[in-house]
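Peer 1: need the 3D shape of this:
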Amino acid sequence: MGLLSEGSPLEWEETKKYAEHVREHGIQQFINLYHKLRDRPCDMLKFGDEVEYTLIKLDHEAKTARVLLKAAEVLPVLQEIENTRPQDTKTLWRPEYAAYMVEGTPGKPYGCLHAYLNTIESNMKLRRQEVCKLLDESKGEIPLSLTVFPRLGCPQFSTPAYEPNPTDAGVSKSLFFPDEAIMDAHPRFRTLTRNIRKRRGEKVVINVPVFKDKNTPSPFIEQYANDHDGEGAGASKPNHIYMDAMGFGMGNSCLQMTFQACGIDEARQLYDQLTPLCPILLALSAAGPIYRGYLSDIDTRWYVIAASVDDRTKEERGLEPLKENKFRISKSRYDSIDSYLSKEGERYSDIDLQLDKKLCKEMVDSGIDIQLARHIAHLFIRDPVALFSEKIHQDDKNDSDHFENIQSTNWQTMRFKPPPVNSNIGWRVEFRPVEVQLTDFENAAFVVFIVLLTRTILSFNLNLLIPLSKVDANMKTAQKRDAVRKSKFYFTKDVRACPTCGDIDEEVTLMSIDTIFNGGTLNDGQEFPGLVPLVKQYLNTAESTDVDTMCTLQRYLKLISDRASGKLMTTAHWMREFVRDHPKYQYDSVVTEEINYDLLKACAGITNGTRDAPGLLHPVQSKTKHEIPDSFKSQVEEHEESDQRRHKKWKELKSNGVDSTDANENMVVNSSD
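Peer 2: The predicted structure follows:
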């Protein structure tokens, strides 16, 4: 969810007064960070994942499924080891937006050896087990890695149940989503909800096309009994599922990965090269076909979450002339990126970039290159929407909260992450589009595939860049129903092409997901190698990998390959098919209480391995381990000791007044230290 500062949150009118202050000091903090850390010594590859879990209560007698508002109760227990014996922790836990969600990550980042890839699934299993221990299984309490709870926003969708408060006194003013379903253990979440609504000047508006089954009313139009001011009726569209609160987006779950790069240049390269893959992986991981109790005509959460935090005013959306606001802004705070960061990516940045020119000039004048300055200045056209009174005045040389305030509330497909102040963490990129899957095997498979793809890109110097306008087009395509099997996506024809020469339009063509992942012959007769075969080629030429790890990797790659080819269904396709095959389904797009119960009971069975899922998963298991083999541990110790010596030497040189470039040159000369 981003930055979780503690303190007393300000209402929007107070926050608004400090917007320029936050922007100005946030930029100064970034400038200081950049010059302090741009040339820090080469970091090792490290990576981690974030899995968001939904707490569910199944009532087997009543045949109902509810989200369980118990996160505030279980979270402190989950965090006990971290807080009391941090050296022993194998998992880390953080609050998430909803009172029925928790976020789990590994206790420390995974390292650069391939053997670590065989520990990811085991750690995910451990995380799930830790949550299970704090729930009462006899009462039907379970954690599911579920992208969207199908009846979120329906009457009595939570336990305990609460009524929504559709008045201005409510946090979200929702007709459907009660404020009690928002996590109250941290003030950030309710503050964001209220301030986004207040800044926008009205409630957020989410309209998802309903799936038109043979008995679905046409036109499909709902009536809202508690819509006292008529705002819902005015905002909803015919033949759409209407939602009106941040909880409908931020109350969904996802799977995210963060990679520490060797340095800032490699981080920028990864940011760019992974960007064209965002819509492709979004489509492949699709797991969100049902909203507010109705089958929809989309398969992913992306549009829903983008609309749920869209704080743009009518002026910024182009509905009224600019008077109070400075910019026309084409996208929500939660959307695809708008500019590449590497030198190679510059000519592929073909969409209009709204930016704060004053802040951009300030960064360029300080010595930051124009591409990076434009990227940050684009993020900083946004206002802060959560500010704490204790954090208003900061030391720009030693704090970065104002920078992170705006950086962390630009929820884009990719996030470029500078090192935190006074830490040993390096330059990182975050990959954010993937939808969370039902099983730990699937989630580990997606994480491992993307990790291996980053290594393949860097090792083979691949070029996956395509114009950003095409990436945006792919994002729209990725959300369509059954996009994996039915749609085509823009992709580069030659992954080894020179990124700085040639006709960009000639480099790109439409491909199926199957071709992108598994390879095939293009329309012009050219052979495309496929991402999975490229990853396998990398594995054959890379470091030695133990037998168990290689076996696990092959099974993960098989899942990715077969999902892409259509041999296996996406989670969204499986869910849609389950509902339409249910004996109580009336072919009217409605997911009733009983259908929802049976669906989530089936999801739970698939998750814990008591139910087969032919067509969704192969009946195989990995050889995942809790730890890397003993034979590799000495390599890890050597890497870590070398890394520590290198950073210690660099810090000593910096503290003695040696500038970054000279410090690095000195370290190269004295590399034996």
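
Peer 1: helix, strand or coil: sort out the residue nearest to residue 314 when sequence neighbours are not counted for me.
Peer 2: Spatially, and ignoring its direct neighbours in sequence, residue 314 is nearest to residue 320 (4.5 Å; Cβ to Cβ, 6 or more residues apart in numbering). No exception for glycine: its C-beta is placed from N, CA and C like everyone else's. Using DSSP: H, G, I helix; E, B strand; the rest coil, the structure places residue 320 in coil.

Peer 1: how close does residue 320 sit to residue 201?
Peer 2: Distance of residue 320 to residue 201, computed by Cβ to Cβ, to the nearest Å: 10 Å.

Peer 1: what's the average pLDDT for the helix or strand encompassing residue 572?
Peer 2: Residue 572 belongs to helix 571-581 when assigned by DSSP states H and E. The average pLDDT within helix 571-581 is 98.

Peer 1: and what of stretch 11-24?
Peer 2: The average pLDDT for stretch 11-24 rounds to 96.

Peer 1: could you pull out the strands for the stretch 351-500 of the chain?
Peer 2: Using DSSP state E, counting those that start in this stretch, the strands of the stretch 351-500 of the chain run over 414-417, 428-431, 488-492.

Peer 1: again but with the stretch 151-300 of the chain, I slipped
Peer 2: Remark: strands assigned in the stretch 151-300 of the chain by DSSP E, counting those that start in this stretch are 158-159, 206-209, 240-243, 255-260, 290-291, 294-295.

Peer 1: now, of those, which is deepest in the fold?
Peer 2: Sort the strands of the stretch 151-300 of the chain by mean neighbour count, taking mean count of other Cβ atoms under 10 Å, and strand 290-291 sits at the top with a mean of 26.

Peer 1: for it, packing partners?
Peer 2: Under the contact criterion of 3 or more Cβ pairs under 8 Å, 6 or more residues apart in numbering; DSSP states H and E, strand 290-291 touches helix 571-581.

Peer 1: after the helix it packs on comes which helix or strand?
Peer 2: helix 593-608.

Peer 1: spit out the contact partners of residue 380.
Peer 2: With contact taken as Cβ atoms under 8 Å, 6 or more residues apart in numbering, residue 380 is in contact with 23, 26-27, 355-356, 359, 406.

Peer 1: which elements pack onto the helix holding residue 572?
Peer 2: On a contact count with 3+ Cβ pairs under 8 Å, 6+ apart, helix 571-581 meets strand 290-291, strand 294-295, helix 593-608.

Peer 1: quick one: average confidence on stretch 339-348?
Peer 2: Mean per-residue pLDDT for stretch 339-348: 95.

Peer 1: same question for stretch 80-97.
Peer 2: 95.

Peer 1: cool, and stretch 166-179?
Peer 2: For stretch 166-179, the mean pLDDT works out to 95.

Peer 1: buried sites along stretch 546-555?
Peer 2: 546, 549-550, 552-553, 555 (16 or more other Cβ atoms under 10 Å).

Peer 1: over to stretch 165-183?
Peer 2: Applying 16+ other Cβ under 10 Å to stretch 165-183 flags 165-166, 170-183 as buried.

Peer 1: how close does the spatially most central residue of the chain sit to residue 414?
Peer 2: Residue closest to the average C-alpha location in the chain (Cα atoms, centre = their mean): residue 432, at 2.6 Å. Counting by Cβ to Cβ, the gap from residue 432 to residue 414 is 7 Å.

Peer 1: so what sits against both of the two?
Peer 2: Residues touching both residue 432 and residue 414 by Cβ under 8 Å, 6+ apart: residue 278.

Peer 1: which ones among the buried residues of stretch 546-555 map onto helices?
Peer 2: 549-550, 552-553, 555 (DSSP state H).

Peer 1: nearest to residue 248 among the residues you listed?
Peer 2: residue 555 (35.3 Å; Cβ to Cβ).

Peer 1: show me what contacts the closest one?
Peer 2: Contact partners of residue 555, counting by Cβ under 8 Å, 6+ apart, are 445, 618, 620-622.

Peer 1: out of the residues you listed, which end up buried?
Peer 2: Buried among these (16+ other Cβ under 10 Å): 445, 622.

Peer 1: helix, strand or coil for residue 514?
Peer 2: Secondary structure, three-state DSSP: residue 514 is helix.

Peer 1: that one and residue 538: what is the separation?
Peer 2: Counting by Cβ to Cβ, the separation of residue 514 from residue 538 is 20 Å.

Peer 1: then residue 433?
Peer 2: Between residue 433 and residue 538 the distance is 22 Å, computed by Cβ to Cβ.

Peer 1: how about residue 443?
Peer 2: Taken as Cβ to Cβ, the span from residue 443 to residue 538 is 22 Å.

Peer 1: what about those two, which has more around it?
Peer 2: The neighbour comparison of residue 443 against residue 538 (other Cβ atoms under 10 Å) goes to residue 443, with 22 against 18.

Peer 1: pLDDT at the more buried one, what is it?
Peer 2: At residue 443, pLDDT is 98.

Peer 1: just checking, it touches residue 125?
Peer 2: No: judged on Cβ atoms under 8 Å, residue 443 makes no contact with residue 125 at a distance of 10.2 Å.

Peer 1: can you tell me which one of the contacts of residue 555 sits lowest on pLDDT?
Peer 2: Lowest confidence among the contacts of residue 555: residue 620, with 90.

Peer 1: the closest residue to that one other than its chain neighbours and residue 541: what is the separation?
Peer 2: Among residues not flanking residue 620 along the chain, residue 555 sits closest, at 5.6 Å (Cβ to Cβ, 6+ apart). Counting by Cβ to Cβ, the gap from residue 555 to residue 541 is 21 Å.

Peer 1: cool, residue 131 as well?
Peer 2: Residue 131 sits 40 Å away from residue 541, going by Cβ to Cβ.

Peer 1: the two - which one has more neighbours?
Peer 2: Per other Cβ under 10 Å, whichever of residue 131 and residue 541 has more neighbours is residue 131, with 23 against 10.

Peer 1: and that one, what is it in contact with?
Peer 2: Counting by Cβ under 8 Å, 6+ apart, residue 131 makes contact with 53, 55, 74, 78, 102, 104, 143.

Peer 1: among those, which ones are in strands?
Peer 2: 53, 55, 102, 104, 143 (DSSP state E).

Peer 1: which one of the residues you listed is nearest residue 121?
Peer 2: residue 104 (13.3 Å).

Peer 1: what pairs with the closest one across the strands?
Peer 2: Beta bridges link residue 104 to residue 51, residue 93, judged by DSSP bridges.

Peer 1: wait, isn't it in contact with residue 92?
Peer 2: Yes: between residue 104 and residue 92 there is a contact under Cβ under 8 Å: 7.1 Å.

Peer 1: tell me which of those two has more neighbours.
Peer 2: residue 104 (25 against 19).

Peer 1: ok, the more buried one to residue 48 distance?
Peer 2: Looking at residue 104 against residue 48, where the rule is Cβ to Cβ, the gap reads 11 Å.
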